[in-house]
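>>> let me see the structure of the following:
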Amino acid sequence: MPNGVNGVALAVFILFFLAVTVMGFLASRWRRPENEHSLEEWGLGGRSFGTWITWFLLGGDVYTAYTFVAVPAAIYAAGAAGFFAVPYTILVYPLIFTFLPRLWSVCHRHGYVTTADFVRGRFGSKGLSLAVAFTGILATMPYIALQLVGIQAVLDVMGVGGGENTNWFVKDLPLLIAFGVLAAYTYSSGLRAPAMIAFVKDTLIYVVITVAIIYIPIKLGGFDHVFAQASQKYAAAGAGGLLPAAEGRWTYATLALGSAMAMFMYPHSITATLSSRSREVIRRSTTVMPLYTLMLGLLALLGFMAIAAGVKVTNGQLAIPQLFEDMFPDWFAGVAFAAIGIGALVPAAIMSIAAANLFTRNIYKDFIKPDATAAQETKVSKLVSLLVKVGALVFVLTMDKTVAINFQLLGGIWILQTFPALVGGLFTRWFHRWALLAGWAVGMIYGTFAAYGVASPAQKHFGGSAKEIPGIGEIGYIGLTAFVLNVAVTVILTFALKALKAPDGVDETSPEDYSADTAETAAVSAATLRPTSPAPNPS
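Prediction:
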């Protein structure tokens with residue numbers, strides 16, 4: 001770690017940060033609508049984005065600063081087991097190709113802004129909709145916090161803010177400034193701000209990874225040396241070399257599968273999806289998303305390079321920023337740090353907007369003020385987006401970073417429990433709404449208590465996301481076990497409730513809604529909006 005501030009790297013970082021700040025505020029004028037006081041305009045960018053904007057936006061909110069820092073950090077600390085992120089992103093794209101176009105169609109046809117809107121309309125259940133909204137907000141909060149952790153890691157390596165003994169305000173002032181700027185342009189420009197900035201973020205990341213994957217191995221003596229050094233470290237630590245130990249393979253496989261299923265259950269992923277202008281845009285965007293998986297595989301190799309470069313850090317999250325500091329010229333280290341920093345701003349903005357949309361549509365409008373106007377919805381969503389970011393900032397400043405990471409893992413367990421209602425509902429109306437709610441509750445309770453019982457060297461509870469699978473005896477991903485219990489309870493109770501002829505709720509969708517495209521949507525949207533929804537704005 002440097003003893004002082006890396007002035008050149010900091011200057012380059014500030015230059016890029018100022019550039020994206022200006023872009024964030026100017027985004028409010030980009031494709032400015034006739035009526036800005038609409039949740040569809042502020043929270044979904046007017047549902048107007050094309051293929052490349054959608055692709056960058058999806059990449060911006062799925063491949064975050066935390067991805068940039070944590071995936072290679074996992075490789076640095078634990079070896080090849082950290083590569084689970086690569087197969088899960090390979091699994092996820094065929095999966096989302098089957099259901100995201102259907103979700104887009106029905107949401108555009110009925111004016112749905114959130115996944116909870118769809119669940120409410122599909123199953124006629126405000127209770128189930130509230131459960132989905134609550135889970136989405138709960139799972140998103142620690143995810144936003146981790147984006148701030150990513151920025152903090154970069155600032156620490158650059159020497160900004162002083163040491164651990166520095167006054168807390170001085171130490172955290174750079175993070176507070178970054179947070180304030182993020183909050184301001186998100187409030188002003190809505191989803192258009194991260195959509196515009198995502199171009200810069202992803203371009204920087206691709207440039208940095210391309211240079212790193214060529215330049216750093218050359219400086220270290222080639223990939224043979226890199227892998228040999230990593231293998232020696234893992235063998236000395238009793239990790240068995242580059243391959244994961246046999247007893248960890250169930251964990252690896254279940255974590256990859258469960259993470260793939262959970263990725264597009266997060267509200268921010270759906271928000272980016274619903275902002276696109278047509279069903280075909282979604283299909284085209286998902287077919288080129290695997291380019292990010294290629295980038296992720298190369299990114300993961302940086303963990304091996306950090307070992308070969310002799311990087312020594314007490315906090316594994318600092319390993320890759322420190323690698324860049326040690327290996328790159330100061331000016332390019334600044335570019336790399338800017339890529340990570342901007343890589344935090346884009347997803348944090350989208351996540352806060354997505355959480356705010358859930359609160360506004362599915363808590364405020366459904367339970368507090370059903371007659372809220374479009375302008376009132378937008379105002380509430382803007383304010384809630386600020387509160388969400390404040391909560392994430394407080395979380396980061398007051399809690400240990402390990403706690404933040406483990407709560408994000410817990411968020412993955414939680415969000416996976418919305419899969420039966422959302423994805424199941426896109427393909428069948430067979431599940432009973434009360435059975436789905438009971439299954440969700442069982443999955444949430446089991447997942448939370450199972451994770452509570454997992455200890456780690458750093459903490460007594462919530463120390464990880466893997467535990468013995470009941471009845472199998474193998475260590476597996478808690479989220480997937482909870483999901484299996486969720487589905488089992490849902491299926492059994494559906495049979496029982498249908499036999500008892502329990503009221504099934506009203507489905508306001510129809511089969512043709514799930515394949516509708518833009519022209520059809522425009523023709524019927526006014527007639528099919530739910531009664532409490534505001535009239536759509538002309539576009």
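
>>> quick one: which helix or strand includes the residue nearest to Val335 when sequence neighbours are not counted?
Nearest non-adjacent residue to Val335, counting by C-beta to C-beta, 6 or more residues apart in numbering: Val12, 5.9 Å away. Bear in mind the C-beta positions are built from the backbone N, C-alpha and C, glycine included. Using DSSP states H and E, Val12 sits in helix 7-26.

>>> which strands and helices sit next to that helix?
helix 126-158, helix 168-189, helix 192-220, helix 330-359 (3 or more C-beta pairs under 8 Å, 6 or more residues apart in numbering; DSSP states H and E).

>>> JSON lines for those helices, including mean pLDDT?
JSON lines is the format used below for those (pLDDT from 0 to 100):
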{"stretch": "helix 126-158", "mean pLDDT": "90"}
{"stretch": "helix 168-189", "mean pLDDT": "82"}
{"stretch": "helix 192-220", "mean pLDDT": "92"}
{"stretch": "helix 330-359", "mean pLDDT": "92"}
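
>>> looking at the ones you listed, which is buried most?
Ranked by mean neighbour count under mean count of other C-beta atoms under 10 Å, the helices and strands packed on helix 7-26 are led by helix 330-359, which reaches a mean of 27.

>>> next, the angle from that helix to helix 192-220.
Angle of helix 330-359 versus helix 192-220, following axes from the mean of the first three to the mean of the last three C-alpha atoms, to 10 degrees, is 140 degrees.

>>> list the buried residues in the very next helix or strand once past helix 330-359.
Note on helix 330-359: by DSSP H and E, the next helix or strand toward the C-terminus is helix 374-398. The neighbour-count criterion (16 or more other C-beta atoms under 10 Å) identifies 374, 376-382, 384-385, 388-389, 391-393, 395-397 as the buried residues of helix 374-398.

>>> averaged pLDDT, helix 374-398. What do you get?
Taken as a whole, helix 374-398 carries a mean pLDDT of 89.

>>> ok now whatever helix or strand comes next after it, how far from the chain's centre?
Going down the chain from helix 374-398, the next helix or strand is helix 401-416, by DSSP H and E. Put simply, helix 401-416 sits 11 Å off its chain's centre (C-alpha atoms, centre = their mean, to the nearest Å).

>>> packing partners of helix 401-416?
So helix 401-416, by 3+ C-beta pairs under 8 Å, 6+ apart, packs with helix 126-158, helix 249-263, helix 433-452, helix 478-499.

>>> just want the angle from it to helix 126-158.
Using the same axes, to 10 degrees: helix 401-416 against helix 126-158 is 150 degrees.

>>> could you list the low-pLDDT ranges of the stretch 401-539 of the chain?
401-404, 518-539 (pLDDT under 70).

>>> cutoff 90 now
Scanning the stretch 401-539 of the chain with the threshold set as pLDDT under 90 gives 401-410, 454-466, 471-473, 516-539.

>>> quick one: stretch 448-463 to chain centroid distance?
Taking mean C-alpha positions (C-alpha atoms, centre = their mean), stretch 448-463 and its chain are 22 Å apart.

>>> and what of stretch 110-129?
On the basis of C-alpha atoms, centre = their mean, stretch 110-129 is displaced by 21 Å from the centre of the chain it belongs to.

>>> buried set for that stretch?
110-126, 128-129.

>>> send the alpha carbons of that stretch over as CSV?
Provided in CSV are the C-alpha atoms of stretch 110-129 (Å, rounded to 0.1, in the frame of the first residue of the first chain):
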residue,chain,number,x,y,z
HIS,A,110,-50.4,-3.4,-19.2
GLY,A,111,-48.1,-0.6,-18.2
TYR,A,112,-46.3,-2.6,-15.4
VAL,A,113,-43.2,-0.9,-14.1
THR,A,114,-42.0,-3.6,-11.7
THR,A,115,-42.0,-7.4,-11.3
ALA,A,116,-44.4,-7.0,-8.4
ASP,A,117,-46.8,-5.1,-10.7
PHE,A,118,-46.8,-8.2,-13.0
VAL,A,119,-47.3,-10.6,-10.0
ARG,A,120,-50.2,-8.5,-8.8
GLY,A,121,-51.9,-8.5,-12.2
ARG,A,122,-51.2,-12.2,-12.9
PHE,A,123,-52.4,-13.6,-9.6
GLY,A,124,-54.8,-10.9,-8.4
SER,A,125,-52.9,-10.7,-5.1
LYS,A,126,-51.7,-7.6,-3.4
GLY,A,127,-50.2,-9.7,-0.6
LEU,A,128,-48.0,-11.7,-3.0
SER,A,129,-47.1,-8.5,-4.8
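
>>> any idea how far the most centrally placed residue in the chain lies from Arg429?
Nearest residue to the geometric centre of the chain (C-alpha atoms, centre = their mean): Val62, 5.0 Å. As for Val62, its distance to Arg429 is 29 Å (criterion: C-beta to C-beta, to the nearest Å).

>>> again, but for Arg109
Separation of Arg109 from Arg429 (C-beta to C-beta): 16 Å.

>>> which one's more surrounded, the two?
Arg109 (25 against 15; other C-beta atoms under 10 Å).

>>> so where does that one fall, helix or strand?
Assigned by DSSP H and E, Arg109 belongs to helix 85-110.

>>> list the helices and strands that helix packs on?
Contacts defined by 3+ C-beta pairs under 8 Å, 6+ apart place helix 85-110 against helix 65-78, helix 115-123, helix 249-263, helix 267-274, helix 279-288, helix 290-300, helix 425-427, helix 518-528.

>>> name the helices or strands packed onto the third one?
It refers to helix 249-263. helix 85-110, helix 401-416, strand 466-468, strand 475-477, helix 478-499.

>>> go again using 7 Å as the cut-off
Contacts defined by 3 or more C-beta pairs under 7 Å, 6 or more residues apart in numbering; DSSP states H and E place helix 249-263 against helix 85-110, helix 401-416, strand 475-477, helix 478-499.

>>> next one: that helix to chain centre, how far?
What separates the centre of helix 249-263 from the centre of its chain is 16 Å, taken as C-alpha atoms, centre = their mean.

>>> what angle sits between it and helix 478-499?
60 degrees.
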